[in-house]
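Q: sequence unknown, structure follows:
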């Protein structure tokens, strides 16, 4: 028997990641094939079926390791956060040029050519990554041009090595984004996805699920019964839920109550959530 978390380690009775040899039992071990996400958002499911539950998502440009492809689905592991699951093989491609830029606004469009009056060819979330081949300007508006000739508004991108300084400000940009179970993009996001994407934009890689974040991000902090002592950026955890402090008294969180990313007074949220999920289980300072 193994105690390894199957969400973070690729192993099944018939197949496993070669890096786990000696730690798990499997009929066959494989190295895995490096690939990258080639569509705006790739759903990661808990089984190789289109109706299987969604556990998380990956964004354009994310790298993965594929252990198996069968009947249109790939069994893979995210290189960024280690999450394991099944995704449509059609959403993957061979690794091409290294990304040079990342989307730094909630959502942006690509266009057939450097002209925002031309038809849009795609819509991309905050955190999506591109290899920019050149630049252009049309009617005073700057564009980043891809190898395909498609273009994105330059002010919506930033160089890949430039990071934001305040993950709370990033989370605030996503206010009113619809709630989506398993979502990690600006099209739809869940509570731990909001934490993960916001921290990703400041150069911090954190684990995906709430229980993982509750035991790994920053340091635990002791809070008085009256909830005093919290500050901007602290994280509040409940069973299966997490929120971000925007100041000493208010939180922002993706939640099923408003079905959106919303701000709420912390004490109000604690009282509202208590009758279903109980009181907060912990607090952490990133």
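A: All right, it came through fine. Since the model is a prediction, treat every value here as computed from it, not as a measurement. Numbering: from 1, shown residues only.
Q: residue 201: how many residues sit nearby?
A: Other residues near residue 201 come to 22 when the count uses other CB atoms under 10 Å. (C-beta placed from N, C-alpha, C; glycine too.)
Q: in stretch 30-48, which residues are buried?
A: Within stretch 30-48, the residues scored as buried using 16 or more other CB atoms under 10 Å are 32-33, 35-37, 39-46, 48.
Q: can you tell me how far residue 220 is from residue 214?
A: 9 Å (CB to CB, to the nearest Å).
Q: sorry, slip of the keys, the one I care about is residue 67.
A: When residue 67 is compared with residue 214 (using CB to CB), they lie 28 Å apart.
Q: list the contacts for residue 20?
A: 4, 9, 10, 11, 26, 29 (CB atoms under 8 Å, 6 or more residues apart in numbering).
Q: same thing with residue 170?
A: Contact analysis of residue 170 by CB under 8 Å, 6+ apart lists 126, 164, 197, 198, 201, 202.
Q: quick one: least confident of these?
A: Model confidence across the contacts of residue 170 bottoms out at residue 164, which has 91.
Q: where is the longest helix in this protein?
A: Once the chain is assigned using DSSP state H, the helix that runs over the most residues is helix 266-277.
Q: who touches it?
A: Outside of helix 266-277, the residues within contact range by CB under 8 Å, 6+ apart are 227, 230, 236, 238-241, 243, 245, 249-251, 253, 257, 279-280.
Q: can you give me the offset of that helix from its chain's centre?
A: Centroid separation between helix 266-277 and its chain, computed with CA atoms, centre = their mean, to the nearest Å, is 26 Å.
Q: now it: buried residues?
A: Using 16+ other CB under 10 Å as the test for burial, helix 266-277 gives 266, 269, 270, 273.
Q: tell me the spacing between the last one and residue 82.
A: By that I understand residue 273. In this view, residue 273 and residue 82 are 29 Å apart by CB to CB.
Q: just the element for residue 171, please.
A: Taking DSSP states H and E as the definition, residue 171 sits inside helix 167-173.
Q: rewinding a little: now list the buried members of the contacts of helix 266-277.
A: Of the members of the contacts of helix 266-277, the ones counted as buried by neighbours, 16+ other CB under 10 Å, are 230, 236, 238, 241, 243, 245, 250, 251, 253, 280.
Q: quick check: the gap between the residue nearest the centre of the chain and residue 223.
A: Within the chain, the residue whose C-alpha comes closest to the C-alpha centroid is residue 184; the distance, by CA atoms, centre = their mean, is 3.9 Å. Distance of residue 184 to residue 223, given as CB to CB: 28 Å.
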